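Chemist: output the structure for:
(chains A, B, C and D)
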Protein chains: 2
Amino acid sequence: MSMMNFTLKQLRYFTVAGEHRSVTKAAELLYVSQPSISSAILHLEEVTGLQLFIRHHAQGLSLTPQGQQFYRRARKLLREAEELSQFASSLGSDISGTLNIVGFPTFTSLMMPSLIKEFVERYPDVYVDCQEMPQKELIQNILDCNYEIGVTYDMELPTNIEFQPLVSLPPFAVVSHDHELAQRESVSIKELADMPMVMLDWPVSRQYFMSLFISRDLRPECRYRTQSLTMARGMVANGFGYSLFNMPLSSDMALDGTRLKAIRIEEELTPLTMGVVKLAQSRTTPAADAFIELLKDSVSDHPPQKATAKTQKISA
Amino acid sequence: MSMMNFTLKQLRYFTVAGEHRSVTKAAELLYVSQPSISSAILHLEEVTGLQLFIRHHAQGLSLTPQGQQFYRRARKLLREAEELSQFASSLGSDISGTLNIVGFPTFTSLMMPSLIKEFVERYPDVYVDCQEMPQKELIQNILDCNYEIGVTYDMELPTNIEFQPLVSLPPFAVVSHDHELAQRESVSIKELADMPMVMLDWPVSRQYFMSLFISRDLRPECRYRTQSLTMARGMVANGFGYSLFNMPLSSDMALDGTRLKAIRIEEELTPLTMGVVKLAQSRTTPAADAFIELLKDSVSDHPPQKATAKTQKISA
DNA sequence: CGGGTTGCATTAATTAAACTGATGCTGAAC
DNA sequence: GTTCAGCATCAGTTTAATTAATGCAACCCG
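Modeler: Residues are numbered from 1 along each chain as shown, chains lettered A, B, ... in the order given. Next up is the predicted model:
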């Protein structure tokens, strides 16, 4: 198999010789010796079995009819090789092509749509593919190079994943507007431990929320669990209990119209850090660099909350 | 200029490694050593400036997003190179492509249309380009390789033109149906010399017709000249004089309806030989070979006149 | 018609490139 | 922690490309 017994260089030598009807001229133009051209042509004639040129003694060459047909196709191939070469260099320098992003569910649905919109407006040559999925799967996809960058929490990351922190998200409590805590300005974690809790049950965030209690030798009254953020909001708003979030509420209304309220927690709890993950060993594409830059700008302009937030501010 | 710092072989090594996510596997499949694959990939990464693969220690490679994009284009180029290779081998073996023919005017208009029709019916993959032009120009075009084969007379041929005789065409006289010779079965060249003649004035045929007289120390009464065969027929049919032809009349009627008659010449005159010309040094394409074969068959089945014709038979 | 010229092919020697076997190195698996 | 898998590196070798010099055959010109 693989009958390509010729090289691009030989094709190039051949075409230039064909264009100028001269081996000698081609050698001059290509800055090589005349026998190099000659042998390239002979080699092509050898492997194709065609007579590509007629040699007019003392006055150059001319392409045979077969040679002309072969010439056209050879030129085409060389053009395409050149295009590949330019494509490769544009891949390394232009902000274009496809950018594959994967993000942690809550954050992604909340932040990415507007962010991607701004990004593609600024860089219209980029096509963005953005998916959301749980942490474990996300990391696996980054490891497998299915996605170039991920946007998620600094949790359960293997050593060969590089994490670039974007924003620090301390947890806060959420209650319904008629909850006993609704009028309080702040609440302690110790108080919360005795109240019924609605647990947002993502694989990694659950462990995090649990650790907030356990590190203080507390045990939350974890009465309800759900994997849906919308569901959790609804349950809290309907008075099932409080919940702990670390992404801003964005709206104080649950899907059924009942209302929520965010309450600061008095203790300084270890925040979750949201950031960009990628393979440590992989260079980023220009498109990914640009996206990360935009992400940083976006976070510093409109922080979901301040990176070092002591007090809690929830955007309406 | 010319940034193609890679070879087809390197692209091939790269793509196979990409497909199998393994340098080692690619080396096995391609029957080369593992460092060969490795260095090809490194070279490509060098010249493109891209990181094509991520090396997972002890468990192969995977293509980076950039690597995937480069891979697709590389595969495309390799496919096209393979196609070029196959195209070249089909050029040398298939009866297909374009066949350029050039012919001497009278013969071409008379014989080629039906011949080409039969040819393309038998070999539908061939596109035939057939032109007619005077001898000098025809030969120049053959020398310049603008046409692969020519169909013409064995006259004024340079040494590096190869001539393959097809049919011998002795000249005959043509007169109007009410000419004084019209009822004669034959006429001598000596008689004709004193009669008014209509000369078909092609560059080479004129010299030939003149030589028929001059070699016998005769001088024709060359009253009228024309470069148009149709015109010559018309003038003869209208009684301007006789003419000498060597291609069959094919029809005994001139364009205006007046009639012609062919008369055998008593002397055995040196015939013109019609044949195929091509560059001596050039191999013929399969299509040209097939065409020449058909030409030979056609001539031997329906000879314009017998190659050694003594008596004159004119097809209606 | 012969010497000079032109231009491709050939040759032999050189240089560059590709290839190989062996070894090193690093993370993964057990 | 030890072994294993798998890519990179190295040094030596084989192969291919390149070159300067020469050969050769037709064209050109006086």
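
Chemist: list the contacts of the strand or helix carrying residue A:223.
Modeler: Residue A:223 belongs to strand A:221-226 when assigned by DSSP states H and E. The set of residues external to strand A:221-226 that reach it, using Cβ atoms under 8 Å, 6 or more residues apart in numbering or on different chains, is A:193-201, A:232, A:235, A:240-241. For every residue, glycine as well, the C-beta is placed using N, CA and C.

Chemist: and those, which of them are in strands?
Modeler: Of the positions in the contacts of strand A:221-226, A:196, A:197, A:198, A:199, A:200 sit in strands, assigned by DSSP state E.

Chemist: hang on, the earlier thing: run the angle between the strand holding residue A:223 and strand A:196-200 for me.
Modeler: 40 degrees (axes from the mean of the first three to the mean of the last three Cα atoms, to 10 degrees).

Chemist: start and end of stretch A:117-132, how far apart?
Modeler: 17 Å (Cα to Cα, to the nearest Å).

Chemist: go on, stretch A:55-68?
Modeler: 14 Å.

Chemist: roughly how far out does it sit from the chain middle?
Modeler: Centre-to-centre, stretch A:55-68 and its host chain are 55 Å apart (Cα atoms, centre = their mean, to the nearest Å).

Chemist: going by neighbour count, which residues of it are buried?
Modeler: Buried residues in stretch A:55-68, counted by 16 or more other Cβ atoms under 10 Å in any protein chain shown: A:56, A:60, A:61, A:62, A:63, A:64, A:65, A:66, A:67, A:68.

Chemist: could I get those residues as CSV with distance to chain B?
Modeler: Converted to CSV, the buried residues of stretch A:55-68 look like this (distance: Cβ to the nearest Cβ, whole Å):
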residue, distance to chain B
A:56, 8
A:60, 11
A:61, 9
A:62, 5
A:63, 6
A:64, 6
A:65, 5
A:66, 5
A:67, 8
A:68, 8
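
Chemist: get me the contact residues on the stretch 1-150 of chain A for DNA strand C.
Modeler: Residues of the stretch 1-150 of chain A lying near DNA strand C by Cβ under 7 Å from any atom of the strand: A:21-25, A:34-35, A:38-39, A:41-42, A:53, A:55, A:57-61.

Chemist: again, only using 6 Å
Modeler: A:22-24, A:34-35, A:38, A:41-42, A:55, A:57-61 (Cβ under 6 Å from any atom of the strand).

Chemist: just checking, which of these belong to strands?
Modeler: A:55, A:61.

Chemist: just give me the closest of the residues of the stretch 1-150 of chain A next to DNA strand C to residue A:299.
Modeler: Using Cβ to Cβ, residue A:41 comes nearest to residue A:299 of these, at 61.7 Å.

Chemist: so who does the closest one touch?
Modeler: With Cβ under 8 Å, 6+ apart, residue A:41 has these contacts: A:10, A:13, A:14, A:17, A:23, A:52, A:53.

Chemist: can I get these in a markdown table with distance to DNA strand D, pLDDT and neighbour count?
Modeler: Converted to a markdown table, the contacts of residue A:41 look like this (distance: Cβ to the nearest atom of the strand, whole Å; pLDDT from 0 to 100; neighbours: other Cβ atoms under 10 Å in any protein chain shown):
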| residue | distance to DNA strand D | pLDDT | neighbour count |
| --- | --- | --- | --- |
| A:10 | 7 | 96 | 20 |
| A:13 | 7 | 97 | 24 |
| A:14 | 12 | 97 | 27 |
| A:17 | 13 | 95 | 27 |
| A:23 | 11 | 95 | 21 |
| A:52 | 17 | 94 | 24 |
| A:53 | 15 | 93 | 26 |
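
Chemist: taking those one by one, which sit in strands?
Modeler: Using DSSP E, these in strands are residue A:53.

Chemist: any regions of chain A where pLDDT drops low?
Modeler: A:1-3, A:302-316 (pLDDT under 70).

Chemist: looking at it, what residue ends up closest to DNA strand C?
Modeler: residue A:58 (2.8 Å; Cβ to the nearest atom of the strand).

Chemist: for that residue, give me the backbone phi and psi.
Modeler: Taking degrees, to the nearest 10, you get phi 60, psi 0 for the backbone angles of residue A:58.

Chemist: any idea how far DNA strand D is from it?
Modeler: 4 Å (Cβ to the nearest atom of the strand, to the nearest Å).

Chemist: and for residue A:166?
Modeler: The value you get for residue A:166 to DNA strand D, if Cβ to the nearest atom of the strand is used, is 32 Å.

Chemist: for that residue, helix, strand, or coil?
Modeler: At residue A:166 the chain is in strand, as set by DSSP: H, G, I helix; E, B strand; the rest coil.

Chemist: can you count the residues close to it?
Modeler: 22 (other Cβ atoms under 10 Å in any protein chain shown).

Chemist: tell me how many other residues crowd residue A:124.
Modeler: 10.

Chemist: for it, list the residues it contacts.
Modeler: No contacts exist for residue A:124 under Cβ under 8 Å, 6+ apart.

Chemist: confirm that it sits in a strand.
Modeler: No: Residue A:124 is assigned coil when assessed by three-state DSSP, not a strand.

Chemist: list phi and psi for it.
Modeler: phi -70, psi -10.

Chemist: how near is it to DNA strand D?
Modeler: Taken as Cβ to the nearest atom of the strand, the span from residue A:124 to DNA strand D is 35 Å.

Chemist: and that residue, how far from residue A:117?
Modeler: Using Cβ to Cβ, to the nearest Å, residue A:124 is found at 12 Å from residue A:117.

Chemist: of the residues of the stretch 1-150 of chain A next to DNA strand C, closest to residue A:257?
Modeler: Nearest to residue A:257 among these, with distances taken as Cβ to Cβ, is residue A:41, at 81.8 Å.

Chemist: which strand or helix spans residue A:110?
Modeler: Counting by DSSP H and E, residue A:110 is part of helix A:105-122.

Chemist: contact partners of that helix?
Modeler: Contacts for helix A:105-122 (Cβ under 8 Å, 6+ apart): A:101, A:103, A:126-128, A:130, A:132-134, A:151-152, A:202, A:229, A:247-248, A:250, A:274, A:290-291, A:294-295, A:298, A:304.

Chemist: for residue A:94, state which of the residues of the stretch 1-150 of chain A next to DNA strand C is nearest.
Modeler: residue A:41 (37.4 Å).

Chemist: now a ChimeraX select for only the buried ones of the contacts of helix A:105-122.
Modeler: Typed into ChimeraX, the next command selects the buried ones out of the contacts of helix A:105-122 (criterion: 16+ other Cβ under 10 Å):
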select /A:101,103,126,128,130,132,133,151,152,202,229,247,248,274,290,291,294,295,298,304
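
Chemist: so of the contacts of helix A:105-122, which ones are in strands?
Modeler: A:101, A:103, A:126, A:127, A:128, A:130, A:132, A:151, A:152, A:274.

Chemist: all set, thanks.
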